[in-house]
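>>> Please work out how this folds:
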Amino acid sequence: MRMRRDFVISHDSAAHEHGLEILLPSDPYVHITRPGSTNAWTKYGVKHHLARFSGEQVVMVDELRVLDLARTAVDIARELGEPFGEIACDAVLRRGVSRSELATACAVMTNWPHVGRTRRAIAFADAGAANLAETLGRILVAEALGVTAIDTQFPVPLASGRLAWLDMIVGAHGFEVDGHIKLRSPGEGGVAEHPAHEVVWAEKKRDRDLAAEGLGISHIIWKDFWPPHRASAIKRIREEHLEVVARFGELMPERLARQAREIRGRLA
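I've put the predicted structure just below:
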C-alpha cells in the first residue's frame, strides 16, 4: 500500500487474483513486478521483481493491475521450478490459454536465470489434468516410467455399458489419482453422488472391467507425491507396469485407441 512506483501483481500473487489452482511454496511471498533489467529482492515479505513485460500482458482484476494468465504461469515456472510451474501451466491451459501463448510469454526470457525449467514446464503442460493432483500424478508417472507420452482423460467403453474415463494412460497401463474428495458428498466438500461404500465398490468393478478390455490400472494417492513415500511409490509403479506389460503387452489395444478417437471426436 506504500508503493509509489508503478508495479503490477505477478507470480503466485497474480495466480491468486486470477483464481488459479496452484501449489503454494513453503515460504510464500507477495510478488510485484515493474519494468527493468531482470533482478529481484525481498523486503518485509514482498518480493520485488524487475523484468520486461508488455502492456498487453497487464489485465485488471478487482481493480488491481495483474499480469495475465500466460505470463503468470511462466513466471511461476521460472521462479519456483517443478512441480509448481507444471501445475501453473496445466491450470492456465484448462482456462483456455494455448501452449503457443505460453511459449510467447516465455520468449522474452531468453538468457534469464532458470528459463530452462520454464520451457520444460511448457512442453509438459496438458489441459487434460483436471486438477493439481493429476498434474502431480503425471509428473510421478513420467519419472517412474521415463516417459513423456502420457495420454490424459482417456475414455474406455466397458462391456457393462459404462464409459470409464482414466486420469492418464501409458500404453495398456492406466492410472487413477485418488483422494477423499471422490468419497465425500458435495455437502462435505467432495464430488461423490453416492455413499462412500458404493463408490468404492463401483471402482472395484470398474478395475475388473478394465482388465477385461486389456488394460491394467494403478492407483495413486496424495502421499505418493512426497518424500519419504515417493521412492516407494515409484518402485511400486514400475513393478505394476512390468506386470501390465507381461499380461497385456506394451501397446494399447488398437480397438481401444480407435474407440477413444471416435468418442473424443464426437465430444469436440
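>>> For this structure, which segments are assigned as helices?
11-18, 69-80, 84-94, 99-107, 115-124, 132-145, 196-212, 229-248, 254-267 (DSSP state H).
>>> Least reliable of those helices by average pLDDT, please.
Among these, helix 196-212 has the lowest mean pLDDT, at a mean of 92.
>>> got the buried residues for that helix?
199, 203, 206, 207, 209, 210 (16 or more other CB atoms under 10 Å). C-beta here means a position set from N, CA and C on the backbone, and glycine is covered the same way.
>>> Please name every helix or strand in contact with it.
strand 163-170, strand 216-220 (3 or more CB pairs under 8 Å, 6 or more residues apart in numbering; DSSP states H and E).
>>> Touching it from outside, list them.
Helix 196-212 is contacted by residues 156, 158-160, 162, 164, 166, 174, 182-184, 192, 194, 216-217 when judged by CB atoms under 8 Å, 6 or more residues apart in numbering.
>>> coming back round to it: could you redo the helices of the chain as CSV and give each row distance to residue 61?
CSV is the format used below for the helices of the chain (distance: least, CB to CB, whole Å):
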stretch, distance to residue 61
helix 11-18, 4
helix 69-80, 10
helix 84-94, 14
helix 99-107, 17
helix 115-124, 23
helix 132-145, 21
helix 196-212, 37
helix 229-248, 35
helix 254-267, 31
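>>> Select, out of these, the one closest to residue 36.
Among those, helix 69-80 comes nearest to residue 36, with 14.7 Å by CB to CB.
>>> how distant is the closest one from the center of its chain?
14 Å (CA atoms, centre = their mean, to the nearest Å).
>>> i'd like the first residue to be 44 from this point on
From this message on, residue numbering opens at 44, which makes the last subject helix 112-123.
>>> Can you tell me what sits against that helix?
53-55, 57-58, 61, 63, 65, 68, 74, 76, 96, 100, 109-110, 127-129, 131-132, 134-135, 138, 140, 144-145, 147-149, 152, 155-158, 160-161, 164-165.
>>> May I see the ChimeraX selection of the buried members of these?
Of the contacts of helix 112-123, the buried ones go into a single ChimeraX selection, burial set by 16+ other CB under 10 Å:
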select :53,54,55,57,58,61,63,65,74,76,96,100,109,110,127,128,129,131,132,134,135,140,144,145,148,149,152,158,160,161,164,165
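>>> before we move on, back to that, who wins for most neighbours among the contacts of helix 239-255?
residue 217 (24 neighbours; other CB atoms under 10 Å).
>>> Once you drop chain neighbours, what's closest to that one?
residue 209 (4.1 Å; CB to CB, 6 or more residues apart in numbering).
>>> so the one you found makes contact with residue 193?
No. The pair residue 209 / residue 193 is not scored as a contact, 10.8 Å apart, by CB atoms under 8 Å.
>>> All set now, cheers.
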